[in-house]
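Enquirer: Give me coordinates for this.
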Amino acid sequence: MSKNTVNLAKLIGLDLLTVGRWPLIALLLIFASAMAVVFTTHLTRAAISEKDQALVERERLDDEWRNLLLEETALAEHSRVQTIAKQDLEMKRPDSDKEVVIDLP
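Expert: Got it, this is the predicted structure:
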């Protein structure tokens, strides 16, 4: 190799920093913009997925709530309570002569 030989990588680097400065800046801005689009798309898809999971959980909880309301209604039914009071607790209705009525002023 002779003394007149110039390092090609060094020459390309100098050209990029002097003559090709604006195209290089434009290329970097385009790359940054593309990465921002990819990142935003990823975050949007993650948010949509989380929303869908929350909606599924809400529907499940809503169904469970309806079932619990039905169960509460069935368990609090007057005839059922009266039957349990008579059979299990051996309760009975007091005679009318044993009833005491209190009048509040």
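
Enquirer: Going by C-alpha atoms from here, please, whenever you check contacts or count neighbours.
Expert: Fine.

Enquirer: how far is the longest helix out of those in the chain from where the chain is centred?
Expert: Of all the segments of type helix in the chain, defined by DSSP state H, the longest one is helix 21-75. For helix 21-75, the distance between its averaged C-alpha position and the chain's averaged C-alpha position is 7 Å (CA atoms, centre = their mean, to the nearest Å).

Enquirer: Give me the helices and strands touching it, please.
Expert: With contacts defined as 3 or more CA pairs under 8 Å, 6 or more residues apart in numbering; DSSP states H and E, helix 21-75 has no packing partner among the helices and strands.

Enquirer: Make residue 1 into 11 and carry on from there
Expert: Sure, I'll start counting at 11 from here, so that last one is helix 31-85.

Enquirer: Name the next helix or strand downstream of that helix, please.
Expert: Scanning forward in sequence from helix 31-85 by DSSP states H and E, the next helix or strand is helix 88-97.

Enquirer: Output that next one as PDB - backbone C-alpha positions only.
Expert: C-alpha atoms of helix 88-97 as PDB (Å, rounded to 0.1, in the frame of the first residue of the first chain):
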ATOM      1  CA  HIS A  88     -91.300 -16.300  53.700                       C
ATOM      2  CA  SER A  89     -92.500 -19.800  53.400                       C
ATOM      3  CA  ARG A  90     -89.000 -21.300  53.600                       C
ATOM      4  CA  VAL A  91     -88.100 -19.200  56.600                       C
ATOM      5  CA  GLN A  92     -91.400 -20.200  58.300                       C
ATOM      6  CA  THR A  93     -90.700 -23.900  57.600                       C
ATOM      7  CA  ILE A  94     -87.200 -23.800  59.000                       C
ATOM      8  CA  ALA A  95     -88.500 -21.900  62.100                       C
ATOM      9  CA  LYS A  96     -91.100 -24.600  62.700                       C
ATOM     10  CA  GLN A  97     -89.000 -27.700  61.900                       C
END
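
Enquirer: what's in contact with it?
Expert: Judged by CA atoms under 8 Å, 6 or more residues apart in numbering, the contacts made with helix 88-97 from elsewhere in the structure are 85, 101, 102.
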